[in-house]
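# Model the following, please.
(chains A, B, C and D)
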2 protein chains.
Amino acid sequence: MPEREPSITGYLTLGLLAGRDWSAYQLAEQLGRGVSELWPSADRGRYAVLNRLHSAGFVETRQEHTGKRARTIYSITPEGREALAAWLRTTPRPPTLEFEGMVRVLLSDQGSLDDLRATLARTREQALANREMFARYAAYISETGGTFPERKHLFALANTFMIGHYEHVISWTEWAEQQIAGWPDTVAPARTHGGQVHDMLAPGREALAGDHATDW
Amino acid sequence: MPEREPSITGYLTLGLLAGRDWSAYQLAEQLGRGVSELWPSADRGRYAVLNRLHSAGFVETRQEHTGKRARTIYSITPEGREALAAWLRTTPRPPTLEFEGMVRVLLSDQGSLDDLRATLARTREQALANREMFARYAAYISETGGTFPERKHLFALANTFMIGHYEHVISWTEWAEQQIAGWPDTVAPARTHGGQVHDMLAPGREALAGDHATDW
DNA sequence: CGATGTTTACTGCATTCTGCAGTATATGGT
DNA sequence: ACCATATACTGCAGAATGCAGTAAACATCG
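Numbers count the residues shown, from 1 in each chain, chains lettered A, B, ... in the order given. Below you'll find the predicted structure:
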């Protein structure tokens, strides 16, 4: 066995198993909830990760049954705990964003102003829904302690980030909608708009001087 | 040929080709610059995308030479332009985040307080560097018009988002560092901290009542 | 003028991940 | 008794990643 390093999904799995045993199905379901806004993964992949954790010796399995239907229960091994702790001592990769809507903004000179408006509106709606979801989590945790009370202090940190993140997306879409309000189309504004640095920096910040290889 | 839909990287490629012809190498390089903070892709994949665009009839190729060394120049076809415009009329997927650092925060009860502090510090540094990069782009574009002056109004929209995004990451890390300052370790605070809803919501916002299946 | 390092210009390969479909049992409601 | 939904996964094709590798052109320095 070549004993490769687990993926982030693998470490998330180990993190859940650190608290209690879970079935494969439960793990796959749990990793599709809120945490998928922080570390997305396909349902299919979550099962594959379990097999790799198993052959690396980081988890053990046992079978349970409900009538004829089997399910596999996973538990973490001491090696699994050590692998998780060792990973936490290493350096994280920077966060990455996959923002299809913003790609559409950049390419919107190849489409209509209505396309651009629709992209902004849709992005805003999606962010509103997500902000609401995390606000509900926050309220639920503060009222009841939540489903994982032993980690509520950590969920609080993450919840705050997520709410602020969607808040930022929402306020950006609103600002962008105002910006494009006076545009005749998606092409012409390059001649009159888009160069004002004061529009482009957060309040109170000034443009930085210095090197820049190129833009975008 | 089954004529599948291009990926987002494919549409980005078509978007660049809409302005002028590019070589494969130039395209691969360009897609690794700023736009990769919005739509990440591996160098290797950008070449594969070109082959798929070609077999779909969305781009055409010709060969140029520098001495013995060949390079392939790509241009967009009318079908490619139409595919891009048609895509812009469809609905975008919501933005997704891949935030390894926040996964570590969630699992930090399996590690030390120093691990958590290091994660926050590293995340802050990375975000500072990226904010600076986009601030430089913004300054460069406002001074010179930038490398793509015909799209500067669109880059301005995206630049503003990116600066605000990293700004949010930075201020969250600073807030989180304050939050954990008084913690004895990564486990105990669940008993005393982490439940205060007022810490967890942006200023002026109240917790929303309503249904919540579960947290995280 | 030759050696060395960097940029240009890609391709191959193993592994992983995604997305979709499919299978089969159990449970709850009308 | 029937049907929808939940449980509990597996198979497969295609796409993406990460790393390594090849080779020519160009710049720089002694």
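# Output the set of residues of chain A in proximity to DNA strand C.
Applying CB under 7 Å from any atom of the strand, we find that chain A lies next to DNA strand C at A:2, A:4, A:7, A:9, A:40-45, A:48-49, A:52, A:66-69. Yep, even glycine has a C-beta here, placed from its N, CA and C like the rest.
# and with 10 Å instead?
Within chain A, the positions near DNA strand C by CB under 10 Å from any atom of the strand are A:2, A:4-10, A:31, A:36, A:39-49, A:51-52, A:55-56, A:65-71.
# all strands of chain A, in order?
Applying DSSP state E to chain A gives strands spanning A:22-23, A:59-66, A:69-76, A:96-98.
# and A:E100, how far is that from DNA strand C?
Counting by CB to the nearest atom of the strand, to the nearest Å, the separation of A:E100 from DNA strand C is 11 Å.
# which residues does the residue most central in space within chain A contact?
Using CA atoms, centre = their mean, the residue of chain A that lies closest to the mean C-alpha position is A:L38, 2.5 Å off. By CB atoms under 8 Å, 6 or more residues apart in numbering or on different chains, the contact list for A:L38 reads A:A158, A:M162, B:L97, B:E98, B:F99, B:M102, B:V103, B:L106.
# try 6 Å
B:F99, B:M102 (CB atoms under 6 Å, 6 or more residues apart in numbering or on different chains).
# how many other residues sit next to the closest residue to DNA strand C within chain A?
Proximity of chain A to DNA strand C (CB to the nearest atom of the strand) peaks at A:G67, 2.1 Å away. If you count neighbours by other CB atoms under 10 Å in any protein chain shown, A:G67 ends up with 5.
# interface residues of chain A facing DNA strand D?
Counting by CB under 10 Å from any atom of the strand, chain A sits next to DNA strand D at A:22-29, A:42-48, A:50-51, A:61, A:63-67, A:69-74, A:93, A:96, A:98.
# Give me the buried entries from those residues.
Taking 16 or more other CB atoms under 10 Å in any protein chain shown as the criterion, what is buried in these is A:W22, A:A24, A:L27, A:A28, A:R46, A:L50, A:T72, A:Y74, A:T96, A:E98.
# So which elements touch the lengthiest helix in chain A?
If you go by DSSP state H, chain A has its longest helix at helix A:113-144. Counting contacts by 3 or more CB pairs under 6 Å, 6 or more residues apart in numbering or on different chains; DSSP states H and E, helix A:113-144 packs against helix A:100-106, helix A:152-180, helix B:197-200.
# now the angle from that helix to helix A:152-180?
Taking axes from the mean of the first three to the mean of the last three CA atoms, to 10 degrees, one finds helix A:113-144 and helix A:152-180 inclined to each other by 160 degrees.
# In the sheet, which residues pair with the closest residue to A:P40 other than its chain neighbours? Tell me.
What sits nearest to A:P40 in space, not counting adjacent residues and going by CB to CB, 6 or more residues apart in numbering or on different chains, is B:T96, at 5.1 Å. B:T96 has the following beta-bridge partners by DSSP bridges: A:E98.
# So B:T96 is in contact with A:E98, correct?
Yes - counting by CB atoms under 6 Å, A:E98 is a contact partner of B:T96 at 4.8 Å.
# Give me the common contacts of those two.
Common neighbours of B:T96 and A:E98 (CB under 6 Å, 6+ apart) do not exist.
# re earlier: how about the longest helix of chain A: buried residues?
Buried residues in helix A:113-144, counted by 16+ other CB under 10 Å: A:115-120, A:122-124, A:126-127, A:130-131, A:133-142.
# Okay, A:R122 and B:R124: tell me how far apart.
Going from A:R122 to B:R124 by CB to CB, to the nearest Å gives 31 Å.
# Sorry, slip of the keys, the one I care about is A:E79.
Using CB to CB, A:E79 is found at 32 Å from B:R124.
# Name the spans of chain A whose pLDDT lies under the cut-off.
Scanning chain A for pLDDT under 70 picks out the ranges A:1-3, A:193-213.
# How about the contacts made by the closest residue to A:T123 other than its chain neighbours?
Nearest non-adjacent residue to A:T123, counting by CB to CB, 6+ apart: A:G101, 4.2 Å away. Counting by CB under 6 Å, 6+ apart, A:G101 makes contact with A:T119, A:T123, B:P92.
# The nearest residue to A:P95 once chain neighbours are set aside: neighbour count?
Here the nearest residue to A:P95 in space, its sequence neighbours aside, is B:F99; by CB to CB, 6+ apart that works out to 4.1 Å. Residues lying near B:F99 (other CB under 10 Å) number 26.
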